[in-house]
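Enquirer: here is a sequence with its predicted model. Questions after.
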Amino acid sequence: MNHDFNKNEDALKMAWSNVRQKLEKIAEGGGKKAALKQKERNKLTARERISYLLDDNSPFIEIGAFAGYEMYPEHGGCPAGGTVSGIGYVSGKQCVIVANDQTVKAGAWFPITGKKNLRMQEIAMENKLPVIYLVDSAGVYLPMQDEIFPDKEHFGRIFRNNAKMSAMGITQIAAVMGACVAGGAYLPIMSDETLMVENAGSIFLAGPYLVKAAIGEDIDLETLGGAVTHTEISGIADYKFKTEQECLEQVKRIMEKLGPSATANFNRIDAKPPKSNNGEIYGILSEGNTKPYNMVELIECIVDENSFDEFKQDYGKTIVCGYARVEGWAVGIVANQRTIVKSKKGEMQLGGVIYNDSADKAARFILNCNQKKIPLVFLQDVTGFMVGSRSEHSGIIKDGAKLVNAVANSVVPKITVIVGNSYGAGNYAMCGKAYDPRFIYAWPTAKIAVMGGEQAAKTMLQIQVAAMKAKGEVVTPEQETELLNRITDKYTRQTKPEYAAARLWVDAIIDPKETRLVIAKGIEAANHNPIIEEMKVGVFQV
């Protein structure tokens, strides 16, 4: 280990430590007082419910933990979007779990809550995974109802998805452990099986207060929509239990009896550990990601030993392509490569810039993987496509469009990990969120934006200064510096992975050491869906 490696390792571990501290705070939900109130009512927290459900010593990959992070300060915040969700194993079956967090605004739905729940349903539908809903929600957060209620990607889409998933044969189980109000009442009833906890779970279109206001009827919560009412009178629910633990045990028994499903039959052999110690992955990127590094070294920390076969190794060197295995699963890897080139002014670093030849190579490799039914893994550290007259005259837009076309029309599962930069059209070409990766993760070092911070800030400064001068204002050098700093600070904040994860542009910020795990579990999830269409591409210039 050399000095640079140790320095890099310390910096990346510190970056992950900062993320982990934020995750620990998010995991507190609405705070310790709110959690204590749950205990006083003999209720578990959302995370305790999930922990009780999961098989011992099995991995749980949390999705959307940063959802809503720093987004609603005027409303007191919304940690994790008011839900805890992810992919785990219950009775040996890989499944999606979505649990309302009652400690956060009584489990009410913010706009980001709806987006997060829709994302979890999307994961279930794309991968044909069973879904377990742990319901404890007061319904729509009324102060923001206009941003969550009526649109296509809002609250009602969830019930539409319930119906679609049922038609697709995807098992849905709803355990009602608290309130389930108004439109939200449809979710458990549109699930395959509904379980309720006595004197805790309730399902109704309107609660006692609204019933009194609407029709003048006096009625208590349990009589109106409690577990006894819905298992003995309405027939809406299928099971009732005295405790949450008994309820969760029944969920496990239901999951245990699920029959096997068809698979995509992605190629898998016995796994081997990586050639490089997994911990070595921390020492590859420099602090701030300012220096070139060998992407193949990073790949060797992720893939099974001696499994990486590089494709067109000596051509299109700013993108690395190759076949490999991750936990025994066959994968095709498309990764950006940092390079140093000679320019008229001396050496110049190109941070993952895509040239004509590298775009052409990657497009061809993606077609090969689709033909062979091999899932794709994208490792992003890209600043965009090469610019300038030489590239334009060589048809960089044409070759870039060819790559984007291949990514957009790819039918095999795609998993994206943003290691470093993810700028501009490079984000699109390397399978950013808009290109439907099955899963998309970010390292703590990730930066997502239309362009690098320095270039963007200077561009925006020029625009603002020009506008001020057009109004006859005098702009001093000191004012320009202050304005530039203000623009840079704002832009830098918006490029951070926490900002992206808060808006679900990425599913999670991960410990770099977990990269191998999330890729393997992502492919395992994708393997549950046996339907892979034939790849078709549209019209593009060759």
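Expert: Thanks, I have it.
Enquirer: which element is the closest residue to E327 other than its chain neighbours on?
Expert: Closest residue in space to E327, ignoring its immediate chain neighbours: A520 at 3.6 Å, by Cβ to Cβ, 6 or more residues apart in numbering. Bear in mind the C-beta positions are built from the backbone N, C-alpha and C, glycine included. Per DSSP states H and E, A520 falls inside helix 515-526.
Enquirer: roughly how far does the residue nearest to E327 sit from V135?
Expert: 31 Å (Cβ to Cβ, to the nearest Å).
Enquirer: what's the neighbour count on the residue nearest to E327?
Expert: 22 (other Cβ atoms under 10 Å).
Enquirer: equivalent analysis for G259, please.
Expert: For G259, the neighbour count with other Cβ under 10 Å is 5.
Enquirer: run the chain-centre distance for the helix holding A520.
Expert: 13 Å (Cα atoms, centre = their mean, to the nearest Å).
Enquirer: pull the CA atoms of that helix into PDB?
Expert: In PDB, the C-alpha atoms belonging to helix 515-526 read as follows (Å, rounded to 0.1, in the frame of the first residue of the first chain):
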ATOM      1  CA  THR A 515     -21.200  -2.500  -4.600                       C
ATOM      2  CA  ARG A 516     -20.700  -6.200  -5.300                       C
ATOM      3  CA  LEU A 517     -23.700  -7.200  -3.000                       C
ATOM      4  CA  VAL A 518     -26.200  -4.700  -4.500                       C
ATOM      5  CA  ILE A 519     -25.300  -5.800  -8.100                       C
ATOM      6  CA  ALA A 520     -25.700  -9.500  -7.300                       C
ATOM      7  CA  LYS A 521     -29.000  -9.000  -5.400                       C
ATOM      8  CA  GLY A 522     -30.200  -6.800  -8.200                       C
ATOM      9  CA  ILE A 523     -29.600  -9.500 -10.800                       C
ATOM     10  CA  GLU A 524     -31.200 -12.100  -8.500                       C
ATOM     11  CA  ALA A 525     -34.300  -9.900  -8.300                       C
ATOM     12  CA  ALA A 526     -34.300  -9.400 -12.100                       C
END
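Enquirer: what mean pLDDT does that helix get?
Expert: When pLDDT is averaged over helix 515-526, the result is 98.
Enquirer: got the contact list for P375?
Expert: F266, W329, A330, V331, G332, C369, V412, P413, K414, I415, I523, A526 (Cβ atoms under 8 Å, 6 or more residues apart in numbering).
Enquirer: by neighbours, which of those wins?
Expert: V331 (28 neighbours).
Enquirer: secondary structure of that one: a strand, I assume?
Expert: Yes. Read with DSSP: H, G, I helix; E, B strand; the rest coil, V331 is one of the residues of a strand.
Enquirer: quick one: pLDDT of the closest residue to it other than its chain neighbours?
Expert: Residue nearest to V331 in three dimensions, not counting chain neighbours: V377, with 5.0 Å by Cβ to Cβ, 6+ apart. Note on V377: pLDDT of 98.
Enquirer: toward the C-terminus, what is the element adjacent to the host helix or strand of V377?
Expert: Element membership for V377, per DSSP H and E: strand 376-382. Moving toward the C-terminus from strand 376-382, the next helix or strand (DSSP H and E) is strand 384-385.
Enquirer: and for that next one, what are the contacting residues?
Expert: Contacts for strand 384-385 (Cβ under 8 Å, 6+ apart): 353-355, 359, 391, 396-397, 400, 423-426, 429, 451.
Enquirer: buried set for the next helix or strand after that strand?
Expert: Proceeding N to C from strand 384-385, the next assigned helix or strand is helix 389-393, under DSSP H and E. For helix 389-393, a neighbour-count test (16 or more other Cβ atoms under 10 Å) marks S391 as buried.
Enquirer: same question for stretch 273-286.
Expert: P274, K275, S276, N278, E280, I281, Y282, G283, I284, L285, S286.
Enquirer: distance from it to the middle of the chain?
Expert: Distance of stretch 273-286 from the chain centroid (Cα atoms, centre = their mean) equals 23 Å.
Enquirer: again with stretch 300-318
Expert: On Cα atoms, centre = their mean, the centre of stretch 300-318 falls 26 Å from that of its chain.
Enquirer: how about G77: what's its closest non-neighbour residue?
Expert: Here the residue nearest G77, using Cβ to Cβ, 6+ apart, is G68, at 7.3 Å.
Enquirer: surely the one you found is in a helix?
Expert: No. Assessed with three-state DSSP, G68 is coil; it does not lie in a helix.
Enquirer: show me the contacts for it.
Expert: Contacts of G68 by Cβ under 8 Å, 6+ apart are G77, C78, P79, A80, G81, G82, F110, I112, T113, A502.
Enquirer: if we use 6 Å, what do you get?
Expert: Neighbouring residues of G68 by Cβ atoms under 6 Å, 6 or more residues apart in numbering: C78, G81, I112.
Enquirer: E193: which of those residues is nearest?
Expert: G81 (25.5 Å; Cβ to Cβ).
Enquirer: gap between the closest one and I112?
Expert: Distance from G81 to I112, by Cβ to Cβ: 5 Å.
Enquirer: more neighbours, these two?
Expert: Legend: neighbour count by other Cβ under 10 Å for G81 and I112, higher for G81 (30 against 25).
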